[in-house]
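Visitor: Got a sequence here, can you build the structure:
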Amino acid sequence: MKKIMLIGSVGSGKTTLCQRIQGEILKYKKTQSVEFYSQMIDTPGEFVLHRRFYSALQMMAASSDIIGFVCNVTEQSQTFSPYFAQNFTKPCIGIITKIDLASNEEAIINAEKRLELAGVEKIFRLSAVEDKGVAELIAYLSKEE
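Guide: Numbering: from 1, shown residues only. Below is the predicted model:
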């Protein structure tokens with residue numbers, strides 16, 4: 001499986017997604033520092049929200065194969081600046097989380113538009129709580145080049 005670094009705002013679902021992929025019990029835990037899993041890097045939300053941490057994201061990206069931009073479907077703001085993916089030399093994908101909380105299809109489409117503006121190559125829709133879309137993400141990460 002490709003090693004993925006997850007970046008996104010506070011509460012976007014990065015840690016919950018890591019727990020789901022690892023087969024752990026889902027429990028809320030605020031990520032205070034970078035956490036390394038066997039095939040994942042979970043970053044604190046503050047790293048994408050404050051420009052002074054961008055260099056740390058770029059440094060950690062060097063030890064990953066792919067970057068996952070995580071966007072909570074209930075977010076209304078643009079977390080990632082336009083073409084944010086250009087900050088990385090690795091492929092960037094979009095991951096829309098918490099689709100089970102979407103008020104309608106338009107909310108999911110709006111999240112997709114925000115990720116497309118950031119410059120991601122592919123977008124996954126998922127709910128780690130309901131285990132929807134996670135298998136597709138794992139299959140994508142496991143696919144050989």
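
Visitor: Count residues in the vicinity of the nearest residue to Tyr83 once chain neighbours are set aside, would you?
Guide: Excluding its sequence neighbours, the residue lying closest to Tyr83 (CB to CB, 6 or more residues apart in numbering) is Gly119, at 4.7 Å. Where you see a C-beta, it was placed from the backbone N, CA and C, and this is true even at glycine. Gly119 has 18 neighbours, counted by other CB atoms under 10 Å.

Visitor: ok, Gly119 - contacts?
Guide: Pro82, Tyr83, Phe84, Ala85, Gln86, Cys92 (CB atoms under 8 Å, 6 or more residues apart in numbering).

Visitor: Setting aside sequence neighbours, what's the nearest residue to the residue nearest to the spatial centre of the chain?
Guide: For the chain, the residue nearest the mean C-alpha position is Val70 (2.7 Å; CA atoms, centre = their mean). Spatially, and ignoring its direct neighbours in sequence, Val70 is nearest to Gly8 (3.2 Å; CB to CB, 6+ apart).

Visitor: Check the one you found and give its pLDDT.
Guide: If you check Gly8, the pLDDT there is 94.

Visitor: just Lys29 next, same as before
Guide: At Lys29, pLDDT is 67.

Visitor: same thing with Leu57?
Guide: 88.

Visitor: One more: Cys18?
Guide: 85.

Visitor: May I have the secondary structure class of it?
Guide: At Cys18, secondary structure determined by DSSP: H, G, I helix; E, B strand; the rest coil is helix.

Visitor: Report the contact partners of it.
Guide: Contacts of Cys18 (CB under 8 Å, 6+ apart): Leu6, Glu35, Tyr37, Met40, Asp42.

Visitor: would you list every one of the helices in this structure?
Guide: Here the chain has its helices, by DSSP state H, at 14-22, 46-49, 54-61, 105-118, 134-142.

Visitor: So for the fourth one, mean pLDDT?
Guide: Pointing back at helix 105-118 there. Average pLDDT, helix 105-118: 95.

Visitor: pLDDT weak spots in the protein?
Guide: 26, 28-33, 145 (pLDDT under 70).
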